[in-house]
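>>> How does the following fold in three dimensions:
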Amino acid sequence: QVQLVESGGGLVQAGGSLRLSCATSGRTFSIYTMAWFRQAPGKEREFVTAIKWSSGSTFYADAVKGRFTISRDNAKNTVYLQMNSLKPEDTADYYCASASQFGSRTYRLPETYDYWGQGTQVTVSS
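Have a look, this model is predicted:
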């Protein structure tokens with residue numbers, strides 16, 4: 001199994017920045033793709049960004065492209081989400097997830113991911 005623990009959420013004003021962290025442990029050698037999803041109240045969970053653990057290739061949802069950056073520190077087994085120019089519509093619970101594979105047509109789908117963190121809340125005030 002893989003364990004994922006998010007941290008770094010909080011309250012920030014519009015235009016501000018936050019950095020989320022996702023620490024991984026357990027069978028980390030099985031991780032191929034790491035991703036961040038978010039879920040706002042009353043809405044479905046949506047893809048934010050993903051990174052291939054080995055190559056570092058990154059993928060972003062259009063809504064966050066140019067504002068958010070995903071990165072990983074292989075030595076620390078940690079994935080980061082740097083969020084800049086935050087907007088009220090970015091308010092959500094943010095979840096990191098891991099998968100043992102990558103599919104060009106499936107990486108945006110929650111069901112692709114095997115393990116999930118508990119989530120961290122991000123609130124952006126206007």
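
>>> where's stretch 58-67 relative to the chain centroid, distance-wise?
In terms of CA atoms, centre = their mean, to the nearest Å, the centre of stretch 58-67 is found 11 Å from the chain centre.

>>> Name the residues that touch that stretch?
Stretch 58-67 has contacts (CB atoms under 8 Å, 6 or more residues apart in numbering) with 46-52, 68-70, 83-86, 89-90, 107-108. C-beta coordinates here come from the backbone N, C-alpha and C atoms, glycine included.

>>> which regions of this structure sit below the pLDDT cut-off?
Along the chain, no part satisfies pLDDT under 70.

>>> List the residues that contact the most centrally placed residue in it.
The centroid of the chain falls nearest to residue 36 when counting by CA atoms, centre = their mean (1.8 Å). Going by CB under 8 Å, 6+ apart, residue 36 touches 20, 22, 48-50, 70, 79, 81, 94-97.

>>> Buried only: go through the contacts of stretch 58-67 for me.
Among the contacts of stretch 58-67, those classed as buried by 16 or more other CB atoms under 10 Å are 47-52, 68-70, 83, 86, 90, 107-108.

>>> from what I can see residue 12 touches residue 126, true?
No. Counting by CB atoms under 8 Å, residue 12 stays clear of residue 126, with 11.2 Å between them.

>>> Neighbour count: these two, which is higher?
The residue with more neighbours, out of residue 12 and residue 126, is residue 12; 17 against 9, by other CB atoms under 10 Å.
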